[in-house]
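>>> Structure for the following, please:
(2 chains)
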Amino acid sequence: MRRNPLLNGKHRHGRRHGCCCQRDNGQFTLLDCHCGQTVYIKGIDPSVSCAPRLRELGLLDGARVVVLKLSDPLLILVDDTRIAMDWHTAAGIEVEAGSES
Amino acid sequence: MKADAAAEPARELRVVVIGNPNAGKTTLFNALTGLRQKVGNYPGVTVERKEGRYVYEGAAYRLIDLPGAYSLTATSDDERIVRDTLLRLLPTEQPEDIVLVVVDATHLERQLFIATQVMDLGIPTVVALTMNDEARRHGRAVDAEHLTRRLGVPVVEVTAPQRKGVAELREALRNVAGRPPEAPPWSIGEQVLAAVDRLATHIGAHYTAPLPYRRQLAVQLLLYPDYEHPFRNLAGAEELVTALRGELEATGANWTKAEVQGRYDWIHQVAQGARVAAAEYKPSISDRLDAVLTHPVWGLVVFLVVMAVVFQSIFTWSGPFMDGIDWFFGWLGGQAGAVLPAGPLRGLIVDGLIPGVGGVVIFLPQILILFLAIALLEDSGYMARAAFLMNKHMQRAGLHGRAFIPMLSGFACSIPGIMAARTIPNRRDKLVTMLVVPMVSCSARLPVYALMIAAFVPALPIFGFGGFTLQGVVLWLAYMVSLGAAITVAFIFRKTLFRGQTQPFVLELPPYRVPHIGTVLIAMWERGKLFITQAGTIILAINIILWFLLSYPSNPPLSVDYAALRAEARAAQSGQALADSLAELDNSEAAERISLSYGGRLGRALEPAIKPLGFDWKIGIGLVGSLAAREVFVSTLAVAYGVGEADETDSSLIGKLRADFGLLTGLTVIIFFILSCQCLATVAVMKREANSLGWALFLYAYMTTIAYLASLVFYQVTTRIWPHLA
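Sure thing, here's the model as predicted:
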């Protein structure tokens, strides 16, 4: 499996961890989740240039997100809407773990 | 009540139709206007402007279908047009009387976002609620009446494909005219509002629209630092924005998301009561399809199959239609030639006008089939999946995920390829794609490759197997070199001319839906009409100019008296021998005439420039002729060689080429045609699609320069190594 620095040095499916994989800076991002996991948006890094667009699409603080695919682009489900985004953008979206879907 | 088309309208109301992408906006627009539509471009950009009209109860309604947008903030040309139209920043557009916001009931909250922005402006608004039947099936139906009460604007449930609710929508549009809605009671917070109003006052010195309009722009300027904004460079604006942000930061308020959070807080309240039932999310058919269609392996397999069908349809299925058009214009030319008396008018009509019109119409089958395929892919929701799959691969070459359709279409013909770049949202990505598509080897180059390969490349078996020959390998290489060159040039362009931060890739994947056949056919018809009326007229003019250059002067001083020679032949010979002699004389006269024509003189004038490539004046004439269409190179060369009408398999033409040139010249011709833009029709379409003569000329100049330099280097280097093959 190809490694990518954005994936926090972990296996990109991450399922073996059973939960989000915390980064060195203590953050969990969408990229640290595993497929099928339900998480909640905690915040979007201000350096993500499309942050306002993401919010317009419903990625508000507290919004429930299901991670559908961890491929690049990553695929999530927010309020019945499937949204694909590149890894750089996903790495800027901080989440907190929720119940398993 | 019924639409009254016969009544004379007393006044005309301007209705702007907006909504999120995939909300069913175009289907509704078609249901309201039928085929009374006009498609064009907004000035200076490549965004399509679609306008339609209907008459209802004595009033005429002019509908403007704006591109799909999530909000009034702008990250692409499409969104900029939406913002500038609604915020009255486009001097060419009249202010609207009514805004029709199309809202997909299956994504109610997100789609109401832009509706609240419009209502803030105080423009009379009607909401068309689409896809409620689908929402009902998923147990998430929306109560339109409840929504009407909460929003304070009419909400009409519409099923456009079945035309359900269209009459009610027309009635609502009639009733709402002149009745601005109350501003929705969402809150951005007092401190942020105070800052917004200070900025709105500053903008007001240059933008005299009412306060709600200025507030909208002030919010964007203050809260969205990375977005394009018309007043970002306004004197003092940057300093004021920095100061206001500093003040807001000092209050500790979470001001960056104030607008979105404020709107959604209110929208959630509205939507909560409007939902008849709020079912939990359950995996849908779209989810099950996506498991396969976006899979890194199976998704790619399906993608390749879909693209093979699209390519096959453009490349092969259009063939019989194109042959039919070719035959028809040939027949028409023959009929006109038989009826009209000899003279310049017959020459103009038979050899200039009719083949010129034929040269335009012949592209139609490919364009219609391509846009049928694109409309089906878009409407079904598959296009977004294909972009999802291809984005990573295309981005390596600096291209957008959606560039694969134009690139693929380019193998059939550059013209539909360039037109297919319309589906790319960002202007920079669109331009890069349009500039490299003509480098992909189109079908018109094939006769040139075939002639040169047949003339100079031996049919040596490869791997000891007769099915694979050196000729086939050279042809394959020609295609690979063209694809490699296109990718390389795209990469270089993104690193130089179109340098800049890579746009983040964020894309909504809409649910899979059965395409609405009426919408698909109207889209196909509009594209065909647009091509004929705009690019077609330029192509026709170019074809007539090239005919003139290759046909005039009409009576040049010939070296021999061909009439006398024909008379001598008739007196001395008979039967097949006479026919052969007369044909030879005809061919010799045609060759001499073309060499003395203005085009021939141009070819001769070009000789000093093309001699270092190993080309002579005859190839020069072929190059001039090929500007009409690349495949014309073969027939022009045949006339210049005195072979008469010939194609790429003609043994006389192949023999004459072998007598004059060697393998290396043949390969140089192939390289030149791979890289050059020897097709003025492509340049004309580029001008139309990029909305810029400058980019069209740049396309021709950069490709010709690369082609010339590559051919020069190849010929000069190889002939020094293998001079006997020159």
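
>>> what about the helices in chain A?
Taking DSSP state H, the helices of chain A run over residues A:51-56, A:87-90.

>>> Dump the ones you listed to JSON lines, plus mean pLDDT, mean neighbour count and distance to chain B.
C-beta here means a position set from N, CA and C on the backbone, and glycine is covered the same way. JSON lines is the format used below for the helices of chain A (pLDDT from 0 to 100; neighbours: other CB atoms under 10 Å in any protein chain shown; distance: least, CB to the nearest CB, whole Å):
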{"stretch": "helix A:51-56", "mean pLDDT": "90", "mean neighbour count": "23", "distance to chain B": "4"}
{"stretch": "helix A:87-90", "mean pLDDT": "91", "mean neighbour count": "22", "distance to chain B": "5"}
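
>>> Distance to residue B:76 added to those helices, as JSON lines?
What follows is the helices of chain A, written out as JSON lines (distance: least, CB to CB, whole Å):
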{"stretch": "helix A:51-56", "distance to residue B:76": "10"}
{"stretch": "helix A:87-90", "distance to residue B:76": "16"}
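
>>> just so I know, which of those lies nearest residue B:68?
helix A:51-56 (13.2 Å; CB to CB).

>>> before we move on, back to that, of all the helices of chain A, which lies closest to residue B:125?
For residue B:125, the closest of the helices of chain A is helix A:51-56, at 18.9 Å, according to CB to CB.

>>> and that closest one, how far from the chain's centre?
Here helix A:51-56 is found 15 Å from its chain centre; the criterion is CA atoms, centre = their mean, to the nearest Å.

>>> residues in contact with it?
Identification of contacts with helix A:51-56 by CB atoms under 8 Å, 6 or more residues apart in numbering or on different chains yields A:44-45, A:48, A:85, A:89, A:92-93, B:70-71, B:73, B:75, B:110, B:113, B:223-224, B:227, B:256-257, B:260-261, B:506.

>>> Are any of the residues you listed buried, and if so which?
In the contacts of helix A:51-56, burial by neighbour count holds for A:44, A:48, A:85, A:89, A:92-93, B:70-71, B:73, B:75, B:110, B:113, B:223-224, B:227, B:256-257, B:260-261, B:506, counting by 16 or more other CB atoms under 10 Å in any protein chain shown.

>>> can you tell me which residues contact residue B:654?
Counting by CB under 8 Å, 6+ apart, residue B:654 touches B:451, B:454-455.

>>> Specify the local secondary structure of residue B:55.
Following DSSP: H, G, I helix; E, B strand; the rest coil, residue B:55 is assigned to strand.

>>> Identify the bridge partners of it.
When assigned by DSSP bridges, residue B:55 has beta-bridge partners residue B:60.

>>> right, and it touches residue B:62 too?
No - the criterion here is CB atoms under 8 Å, and residue B:55 misses it with residue B:62 at 10.4 Å.

>>> Tell me how far residue B:12 lies from residue B:367.
Distance, residue B:12 to residue B:367, by CB to CB, to the nearest Å: 33 Å.

>>> And the strands in chain A, which stretches?
For chain A, strands defined by DSSP state E occupy the ranges A:37-44, A:64-69, A:74-78, A:81-85, A:93-100.

>>> hmm, back to that, from the contacts of residue B:654, which single one is nearest residue B:148?
The nearest member of those to residue B:148, counting by CB to CB, is residue B:451 at 69.3 Å.

>>> quick one: contacts for the residue nearest to that closest one when sequence neighbours are not counted?
In space, and not counting its chain neighbours, residue B:451 is closest to residue B:648: 3.9 Å by CB to CB, 6 or more residues apart in numbering or on different chains. Taking CB under 8 Å, 6+ apart, we find residue B:648 in contact with B:447-448, B:450-451, B:454, B:634.

>>> same check, this time on residue B:378
Applying CB under 8 Å, 6+ apart, one finds that residue B:378 lies in contact with residue B:423.

>>> State the mean pLDDT of the helix or strand it falls within.
Using DSSP states H and E, residue B:378 sits in helix B:364-380. Averaging pLDDT along helix B:364-380 yields 87.

>>> The very next helix or strand once past that helix: how far from the chain's middle?
Going down the chain from helix B:364-380, the next helix or strand is helix B:382-396, by DSSP H and E. Offset of helix B:382-396 from its chain centre (CA atoms, centre = their mean): 18 Å.

>>> what's helix B:382-396 packed up against?
With contacts taken as 3 or more CB pairs under 8 Å, 6 or more residues apart in numbering or on different chains; DSSP states H and E, helix B:382-396 sits against strand A:81-85, helix B:285-293, helix B:298-312, helix B:364-380, helix B:404-412, strand B:506-509.

>>> right, and residue B:416 touches residue B:372 too?
No - if you go by CB under 8 Å, residue B:416 and residue B:372 don't touch, sitting 11.1 Å apart.

>>> Can you work out which residues contact both of these two?
The contact sets of residue B:416 and residue B:372 do not overlap (CB under 8 Å, 6+ apart).

>>> Between the two, which has more neighbouring residues?
Higher neighbour count among residue B:416 and residue B:372: residue B:416, with 30 against 19, using other CB atoms under 10 Å in any protein chain shown.

>>> who's in contact with that one?
Contact analysis of residue B:416 by CB under 8 Å, 6+ apart lists B:314, B:363, B:366-367, B:370-371, B:409.

>>> what's the burial count for residue B:532?
18.

>>> Give me the pLDDT for it.
So, for residue B:532, pLDDT stands at 82.

>>> Give me the phi and psi for the closest residue in space to it that isn't next to it in sequence.
Distances taken as CB to CB, 6+ apart put residue B:360 closest to residue B:532, at 6.7 Å, once the chain neighbours are dropped. With angles defined as degrees, to the nearest 10, residue B:360 sits at phi -90, psi -50.

>>> List the contacts of residue B:360.
B:532, B:536, B:539-540, B:543.
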